[in-house]
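Asks: Please work out how this folds:
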Amino acid sequence: MLDRAPRYDSVYRGFRWSVPAQFNIASACCDRWAAADPERAALLAYRPGATLSATSFGELKRQSDRLAQALHERGVGRGDRVAILLPQSVATVIAHFATYKLAAIAVPLAALFGAEALRYRLQTSGAKAMVTDAAGVAKLTEIRGDLAALATVLCRDGAAGFVEGLDAAMVASRAAFTPTATSSDDPAVMIFTSGTTGQPKGALHGHRVLLGHLPGMTFTHAPFPEAAARVWTPSDWAWAGGLLNALLPSLYHGVPVVFGPFKPFEPEAAFALMAEAEVRNAFLPPTALKMMRSVSGPRRRFDLKLRSIGSAGESLGREAYEWTRNELGVPANEFYGQTECNYVIGSADNLGVSRAGAIGKPIPGHRVGVIDATGREVAAETLGQIAIRRPDPVMFLGYWEQPEATAAKFVGDWMVTGDQGIRDRDGYIRFVGRDDDVITSAGYRIGPGEIEDCLIGHPAVALAAAVGKPDPLRTEIVKAFVVLKPGYAPSDALAADLKGHVRTRLSAAEYPREVAFVTEIPLTTSGKVIRRVFRDQAIAEATSEQVAETQARDLTASSDGR
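Replies: Numbering: from 1, shown residues only. The predicted structure is shown next:
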């Protein structure tokens, strides 16, 4: 086999950033293309069985200019926060571009958020305006009295009460609008962290964040862009993954982005969309790929045109990696990042950087290390914390109004991720788990991802989560929470089989000593397993068991005393 490692090495060593002093995301992703090729398709709306409906770059410019003017007339300007609560849609993109043209700050919010989640984010960001739909207005109505800063709400579904109609506001404004000049470092977007380890924080990014993502997109989908490129992701565009790993880099390159109806992810529907819309480049989070394993014979049943798949947000694992390559005929190029500093490690099968169980190598332009608590890089095959060295265009400006939390994110010039990893002797980095997800059992440090990956390799398992449960003898034991596939029922025999499945494939130290069957695994909007829910449950169980054991011991001692 041809050794393509030198090609990666030379590209990585030779890469140099070119970040202009003046840069605006809307100008780069919209106005530039509208001037050069106004009829070029930017967005393709998919409906099952219907012809794709195209929105051109020229139309995006006209509409975003109108919205920018409408917001300007309502007092929105430089530095103000504009909340965007919409599913994937043309209106979502228009709202982003209008906000950037005003030098305001976009605050994307997931359509799945409930009223309490919205209250926290809107209060924390101090959003002055909001663009939403009827579903968003219904949630907003519950909390409107708690949002003193929110002066303007524009709804794409029309006006009602305190809400103005989006279309009416845009029609009433002038079509012409001159974008406000912005520097690369001016704030552009505030994306809240997933909240896997506490209250979400608003990670503030400058306009340069888009430039920081371009090498990753080119690397993961190499060669990208190409003539027939067409991108789709089921990920909400409110998540850093959907927005910055798919939507904006694609539009920057003039590549059309497909979007479909807003509904829960369905594997069969995902395959149908990709086939009918002739998607060439897909960003599919690991949870989506794992769910898609339930569809048999996808290449036989669907006329897929896939040429590349990128996957990030959670550990992909060997099982999903091998299934994707074997069943879809396309490797899953796993990559890694955080809301604060995204798309910094990745795989690129076409460039010879691909390995099952690894998230890849540092993407050109990014300095990534595995470090100890003092900020020193550890030796190969040694567990440490994944960290990214500043300066880096993709790195956040800081947490919104949380300088102490921002400072705590760094050890010297390393931005620490809170994720444990190992770099092997070939330079590949393997994700082990978050600091608080790593399980300590009988002296072993165990990453939950590998256990979960092994469990989904069992024919009965759809999804799994592994956590540490406090244990007086081993410090912690591994406890697995498992969602079964249709046709399988919970039983002691199946639990024993799952334990043996992991024990024989991994080790006696890693197999789950307890298995609990559940109906669902809670996920963040970015598709990450919220393990703390199960970890808290396991801690409560251990505490209850310890109390019961103590009471039983006391009762025995009392009886012996008699």
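Asks: got the domain boundaries for the chain?
Replies: Domain ranges of the chain: 24-182, 437-548, per automatic domain parsing.
Asks: Enumerate every residue touching the residue nearest to residue 255 when sequence neighbours are not counted.
Replies: In space, residue 255 comes closest to residue 229 once its chain neighbours are excluded; the distance is 4.5 Å by Cβ to Cβ, 6 or more residues apart in numbering. Backbone N, C-alpha and C define where each C-beta goes, glycine included. By Cβ atoms under 8 Å, 6 or more residues apart in numbering, the contact set of residue 229 is 221, 250, 253, 255-256, 280-281.
Asks: Just the residues contacting stretch 254-264, thanks.
Replies: Contacts of stretch 254-264 (Cβ under 8 Å, 6+ apart): 33, 37, 40-47, 52, 54, 57, 87-89, 111, 224-225, 229-232, 234, 246-247, 250-251, 269, 273, 277, 279, 281.
Asks: Please apply the same query to stretch 129-146.
Replies: Taking Cβ under 8 Å, 6+ apart as the rule, stretch 129-146 contacts 67, 71, 74, 76, 80-87, 91, 95, 111, 113-116, 118-119, 122-123, 147, 150-158, 160-163, 166.
Asks: So which bits of that stretch are buried?
Replies: Using 16 or more other Cβ atoms under 10 Å as the test for burial, stretch 129-146 gives 129-133, 136-137, 139-140, 143.
Asks: Any chance of JSON lines for those residues, columns distance to residue 435, secondary structure and pLDDT?
Replies: Below are these laid out as JSON lines (distance: Cβ to Cβ, whole Å; DSSP: H, G, I helix; E, B strand; the rest coil; pLDDT from 0 to 100):
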{"residue": "129", "distance to residue 435": "37", "secondary structure": "strand", "pLDDT": "98"}
{"residue": "130", "distance to residue 435": "35", "secondary structure": "strand", "pLDDT": "98"}
{"residue": "131", "distance to residue 435": "37", "secondary structure": "strand", "pLDDT": "98"}
{"residue": "132", "distance to residue 435": "36", "secondary structure": "strand", "pLDDT": "98"}
{"residue": "133", "distance to residue 435": "38", "secondary structure": "coil", "pLDDT": "97"}
{"residue": "136", "distance to residue 435": "35", "secondary structure": "helix", "pLDDT": "96"}
{"residue": "137", "distance to residue 435": "39", "secondary structure": "helix", "pLDDT": "96"}
{"residue": "139", "distance to residue 435": "33", "secondary structure": "helix", "pLDDT": "93"}
{"residue": "140", "distance to residue 435": "36", "secondary structure": "helix", "pLDDT": "95"}
{"residue": "143", "distance to residue 435": "33", "secondary structure": "helix", "pLDDT": "94"}
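Asks: Dump these to JSON lines, plus distance to residue 62.
Replies: JSON lines is the format used below for the buried residues of stretch 129-146 (distance: Cβ to Cβ, whole Å):
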{"residue": "129", "distance to residue 62": "20"}
{"residue": "130", "distance to residue 62": "22"}
{"residue": "131", "distance to residue 62": "17"}
{"residue": "132", "distance to residue 62": "21"}
{"residue": "133", "distance to residue 62": "21"}
{"residue": "136", "distance to residue 62": "24"}
{"residue": "137", "distance to residue 62": "25"}
{"residue": "139", "distance to residue 62": "30"}
{"residue": "140", "distance to residue 62": "28"}
{"residue": "143", "distance to residue 62": "33"}
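Asks: thinking again about what came up before, just give me the lowest mean pLDDT stretch among the domains of the chain.
Replies: Of all the domains of the chain, the minimum mean pLDDT falls on domain 437-548 (a mean of 85).
Asks: Can you give me the end-to-end span of that one?
Replies: End-to-end span of domain 437-548 (Cα to Cα, to the nearest Å): 27 Å.
Asks: Make a PyMOL selection of the buried ones in the contacts of stretch 254-264.
Replies: Buried residues among the contacts of stretch 254-264 (16+ other Cβ under 10 Å), as a PyMOL selection:
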select buried, resi 33+41+42+43+44+45+46+52+57+87+88+89+111+224+225+229+230+231+232+234+246+247+250+251+273+277+279+281
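Asks: Now, the contacts of stretch 254-264 that are in helices?
Replies: With helices taken from DSSP state H, the overlap with the contacts of stretch 254-264 comprises 33, 57, 250-251, 269, 273.
Asks: and of the residues you listed, the nearest to residue 172?
Replies: Comparing the ones in helices among the contacts of stretch 254-264 against residue 172 with Cβ to Cβ picks out residue 57 as the nearest, at 24.0 Å.
Asks: thought that closest one was touching residue 27?
Replies: No: using Cβ atoms under 8 Å, residue 57 is not in contact with residue 27, being 11.9 Å away.
Asks: that older thread, take the domains of the chain and lay them out in CSV including distance to residue 13.
Replies: CSV is the format used below for those (distance: least, Cβ to Cβ, whole Å):
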stretch, distance to residue 13
domain 24-182, 27
domain 437-548, 31
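Asks: secondary structure class for residue 458?
Replies: Using DSSP: H, G, I helix; E, B strand; the rest coil, the structure places residue 458 in coil.
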